[in-house]
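Novice: quick one, what's the 3D model for this:
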Amino acid sequence: MIYRCPLCEQTLSKQDKTWCCPANHRFDCAKEGYVNLLPVQKKKSNDPGDNKEMMFARREFLNKGYYQVLSDKVNLLANEYLEDARYGLDIGCGEGYYSNRLVESLPETFSLYGVDISKSALKYAAKRYPKIAFSVASAFDMPFPDDSFDFMLRIYAPSLDVELKRVIKSGGILITVCAGPRHHFALKELIYDNPKEHTQEASQIEGFELIHQERIEQVLTLSDSDDISHFLKMTPYNWKLTEEQKLALANSGLSCELDFKVEVFRAL
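Specialist: Numbers count the residues shown, from 1 in each chain. As a prediction, this is how the structure comes out:
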């Protein structure tokens, strides 16, 4: 295990069910198996990250396989580009859907870590996916030593370029996923008078070179009212839709574009 103390940056070692550093900063493992490495003094709210309702909605939606095409593509690229990788990190792993499917697709010698700021999400993830080492922490200040990972995955998670570069080994592979130009455009058309497409330009991450880019485009069609509700709650547009609009979608069904921009980078 490769954790460092979020308070003094010294190496953490595990004693029974507690992680300790030489300065005697201590972090207990939760009964579900994750460790909380987000100290109170570094929190910006009492319960940062996605709340239980948002986490539940995303979990139910993803577990039905609606975004499996994205997960399959990530796994395919990971298997294509990783050579003898031993340590990986899923940044903003949430409830662990992509993390679990990734680790199941790679050799047993590969160890995956998951980090997310939402304790609610990691309670579920750690309990369901014990093969993965989960920790509560910020992607802007990750509790890992320099040069820890051969591979990293970032799906829609905000982060700092300098922090990504710090924790990945030279030559390591980073796969990122963000919104393509037409992603969820039908929802935008309900909300905005003049909806704008996301950029299709290649991303730039300082300290990395882009070695592959592709788009995954599909149409998502939902008829079940629960599925529609879960889908809306996991999008940023949920707060902008009126209750009348949500009810109309639940009654009539929803058809919406999926457009994922998937990019592969190598650390310089």
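
Novice: so how far is the lowest-mean-pLDDT helix or strand in the chain off the chain centroid?
Specialist: When the helices and strands of the chain are scored by mean pLDDT, DSSP states H and E, helix 52-63 comes last with a mean of 90. Put simply, helix 52-63 sits 13 Å off its chain's centre (CA atoms, centre = their mean, to the nearest Å).

Novice: over to stretch 156-168?
Specialist: 12 Å.

Novice: next: stretch 147-154.
Specialist: 13 Å.

Novice: could you do stretch 81-92 as well?
Specialist: 14 Å.

Novice: for the protein, what's the longest helix?
Specialist: Across the chain, the helix with the greatest residue count (assigned by DSSP state H) is helix 68-81.

Novice: which residues does the very next helix or strand once past that one contact?
Specialist: Next in sequence after helix 68-81, counting helices and strands by DSSP states H and E, comes strand 87-91. Contacts to strand 87-91, defined as CB atoms under 8 Å, 6 or more residues apart in numbering, come from residues 2, 96, 98-99, 102-103, 106, 110-115, 132, 139, 142, 144, 148-155, 157, 159, 164, 167. Quick note: C-beta positions are derived from backbone N, CA and C, even for glycine.

Novice: just those: which are in helices?
Specialist: Those of those lying in helices (DSSP H): Y98, S99, L102, V103, L164, V167.

Novice: and the pLDDT at I132?
Specialist: pLDDT, I132: 97.

Novice: tally of neighbours for it?
Specialist: For I132, the count of nearby residues is 22 (other CB atoms under 10 Å).

Novice: please shift the residue numbers so they start at 58 in all later answers.
Specialist: I'll keep to 58 as the first residue from here, and by that count the last item is I189.

Novice: my guess is it contacts R158. True?
Specialist: No - with contact defined as CB atoms under 8 Å, I189 does not reach R158; the gap is 11.1 Å.

Novice: just send the ones in helices among the contacts of strand 144-148 back as JSON lines, with neighbour count too.
Specialist: Shown next, in JSON lines, are the ones in helices among the contacts of strand 144-148 (neighbours: other CB atoms under 10 Å):
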{"residue": "Y155", "neighbour count": "22"}
{"residue": "S156", "neighbour count": "26"}
{"residue": "L159", "neighbour count": "25"}
{"residue": "V160", "neighbour count": "22"}
{"residue": "L221", "neighbour count": "25"}
{"residue": "V224", "neighbour count": "23"}
